[in-house]
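Novice: Quick one, fold the following:
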Amino acid sequence: MKSTFRVLFFLKRDKVKKNGNMPIMARITIDGKLAQFNTKLEVNPKNWSAQTGKVIGRGSEFTRMNEMLDGIKATLYKHYQTILERDGYVTAEKVRNTFLGKEEKAKTLLQVFTQHNEQYALKVGKTATHRTYTRYELTKNRLAEYIRTNYHVEDIGFREINVVFIEGFYLFIRENYPCTHNTAMKFVQRFRTVVLFAHNLGLINFNPFGAYKLKFEYVERGYLEQDELDRIYQKTFASKRLEQVRDMFIFSCYTGLSYVDVCELRAENIKVSFDGNLWIIKKRHKTNVTSNIRLLDIPKAILQKYDGKLPDGKILPVISNQKMNDYLKEIATVCGINKKITYHVARHSFATLSISYGVPIESVSKMLGHTNIRTTQIYAKIIDTKLSADMDMFAQRLNERKTSV
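Specialist: You can find the predicted model right below:
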């Protein structure tokens, strides 16, 4: 719906000057809301028509004043049209401030990205992780490189962001950095989050991502089967370091804890529950959602192995994630496992094994500390042995039905 726009000139009668003149004021009204300012013109009230909002009287001086008032009105109308076309909406205050040269300069993409990241940094350690913060910083830096390389400027306005700009950023990431489609799409996803941040702040009233869809490719999640886990767990290693890495990895395979959650695990997180069994009850570092995981015999034995032997309240021999993954490659080779193993494979393996042994996916989701069961479905894969057993049961019940008919 088109907004109503009016400009009215009137005298400020409570400001009479020594010469008897009064200031001429301009009032802008848009959709019932108004803003006004002093035109810096003045006239004697006997030469003013409140009905027409113009100066009356003969002489070039009065004619010139009316021409100036008409010029002010025309300029205000131009500002009104410009703001309406640029922002999609307009207010009386915006038109007045633009006329007076007081309009706030529109913030650019990288300025808003910086503002977003500064606010996000305040949430680190509370509702956000430092790792995610660094990814937003990296995305901002990649956008800055893209803008300099493709547009030859240091920053860009939101009005210039469209589907072509967004797709160009995706292609820039793919062409200049060694990453997969999904990794590049994650950069675009974080870019979209900042655009929505600007929209929520009222800095823009349109969504450049409205016609752009984020598309992630399905990725087969790596996991280890039971016989592979047995091979690793039962292997005798010559190196104590490999043995410790194996223990941590196997511990996560039977608890579903991520690397960072194992690093943070303390004795107080392990409690006897209502059923008399030991449970890990701990909030996940990433989501702050509580995981409830019963300690099975294997992870329990691993904890007992290191009980009272580690410093600083640690209950498992923690090393850096990078070194952990390096050692896991060596472990896979030694154990004759032809799979790429990283520490996160332990979490995938836990979900897959739990489901293959008949644990309902709802229970697996609770143990993993997920807030959405769809997230659990990404990790969980029904392995062939489970599928075969289920089909055997299905076939058996069908056969029983035939014999009873």
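
Novice: sec struct for the residue lying farthest from the centre of the chain, please.
Specialist: Centroid-distance maximum for the chain: Arg58 at 66.7 Å, with C-alpha atoms, centre = their mean. With DSSP: H, G, I helix; E, B strand; the rest coil as the basis, Arg58 sits in coil.

Novice: so how far is Leu76 from it?
Specialist: 28 Å (C-beta to C-beta, to the nearest Å). Every C-beta, even on glycine, is put in place using the N, C-alpha and C of the backbone.

Novice: and what of Ile56?
Specialist: For Ile56, the distance to Leu76 - C-beta to C-beta - is 22 Å.

Novice: repeat for Leu295
Specialist: 74 Å.

Novice: go on, Ile337?
Specialist: Taken as C-beta to C-beta, the span from Ile337 to Leu76 is 75 Å.

Novice: Let me see the mean pLDDT of stretch 127-134.
Specialist: Stretch 127-134 shows a mean pLDDT of 86.

Novice: what's the answer for stretch 147-163, then?
Specialist: Average pLDDT, stretch 147-163: 91.

Novice: just stretch 13-22 next, same as before
Specialist: Confidence over stretch 13-22 (mean pLDDT, whole number) is 90.

Novice: Check the separation of the first and last residues in it.
Specialist: End-to-end span of stretch 13-22 (C-alpha to C-alpha, to the nearest Å): 6 Å.

Novice: Show me where the chain has its strands.
Specialist: With DSSP state E, the ranges of strands along the chain come out as 5-11, 22-30, 33-43, 48-49, 54-55, 270-272, 278-283, 290-294.

Novice: can I get those in JSON lines with mean neighbour count?
Specialist: Shown next, in JSON lines, are the strands of the chain (neighbours: other C-beta atoms under 10 Å):
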{"stretch": "strand 5-11", "mean neighbour count": "17"}
{"stretch": "strand 22-30", "mean neighbour count": "19"}
{"stretch": "strand 33-43", "mean neighbour count": "15"}
{"stretch": "strand 48-49", "mean neighbour count": "16"}
{"stretch": "strand 54-55", "mean neighbour count": "20"}
{"stretch": "strand 270-272", "mean neighbour count": "13"}
{"stretch": "strand 278-283", "mean neighbour count": "17"}
{"stretch": "strand 290-294", "mean neighbour count": "17"}
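
Novice: need those in JSON lines with distance to Lys213, can you?
Specialist: Listed next are the strands of the chain as JSON lines, based on distance: least, C-beta to C-beta, whole Å:
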{"stretch": "strand 5-11", "distance to Lys213": "38"}
{"stretch": "strand 22-30", "distance to Lys213": "36"}
{"stretch": "strand 33-43", "distance to Lys213": "38"}
{"stretch": "strand 48-49", "distance to Lys213": "60"}
{"stretch": "strand 54-55", "distance to Lys213": "56"}
{"stretch": "strand 270-272", "distance to Lys213": "45"}
{"stretch": "strand 278-283", "distance to Lys213": "34"}
{"stretch": "strand 290-294", "distance to Lys213": "33"}
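
Novice: right, so of these, which gets closest to Tyr254?
Specialist: Closest to Tyr254 of the strands of the chain, according to C-beta to C-beta: strand 290-294, at 9.0 Å.

Novice: Show the pLDDT at the residue farthest from the centre of the chain.
Specialist: pLDDT, Arg58: 84.

Novice: Can you list phi and psi of it for me?
Specialist: Backbone torsions for Arg58, taken as degrees, to the nearest 10, come to phi -90, psi 150.

Novice: mind listing what the spatially closest residue to Glu217 that is not a sequence neighbour touches?
Specialist: Spatially, and ignoring its direct neighbours in sequence, Glu217 is nearest to His181 (5.4 Å; C-beta to C-beta, 6 or more residues apart in numbering). His181 is in contact with 174, 216-217, counting by C-beta atoms under 8 Å, 6 or more residues apart in numbering.

Novice: Relative to Asn117, how far out is His181?
Specialist: Counting by C-beta to C-beta - His181 and Asn117 are separated by 25 Å.

Novice: for Gly168, same thing?
Specialist: Separation of Gly168 from Asn117 (C-beta to C-beta): 22 Å.

Novice: Neighbour count for those two, which is higher?
Specialist: Neighbours of Gly168 and Asn117, each counted by other C-beta atoms under 10 Å, are more numerous for Asn117; the result is 17 against 14.

Novice: What about the contacts of His181, which one has the most neighbours?
Specialist: Arg174 (16 neighbours).

Novice: Double-check that residue against Thr183; I have them as touching.
Specialist: No: the pair Arg174 / Thr183 is not scored as a contact, 9.0 Å apart, by C-beta atoms under 8 Å.

Novice: And stretch 286-293, end to end?
Specialist: Stretch 286-293 has an end-to-end distance of 17 Å (C-alpha to C-alpha).

Novice: wait, I meant stretch 214-233
Specialist: By C-alpha to C-alpha, the extent of stretch 214-233 from end to end equals 41 Å.

Novice: how far is that stretch from where the chain is centred?
Specialist: Centroid separation between stretch 214-233 and its chain, computed with C-alpha atoms, centre = their mean, to the nearest Å, is 27 Å.

Novice: So what touches it?
Specialist: 180-182, 185, 188-189, 192, 246, 249-250, 253, 298, 331, 335-337, 339-342, 345, 348-349, 351-353, 356, 378-379, 381, 383.

Novice: buried sites along that stretch?
Specialist: Buried positions in stretch 214-233, judged by neighbour count with 16 or more other C-beta atoms under 10 Å: 221, 223-225, 228-229, 231-233.
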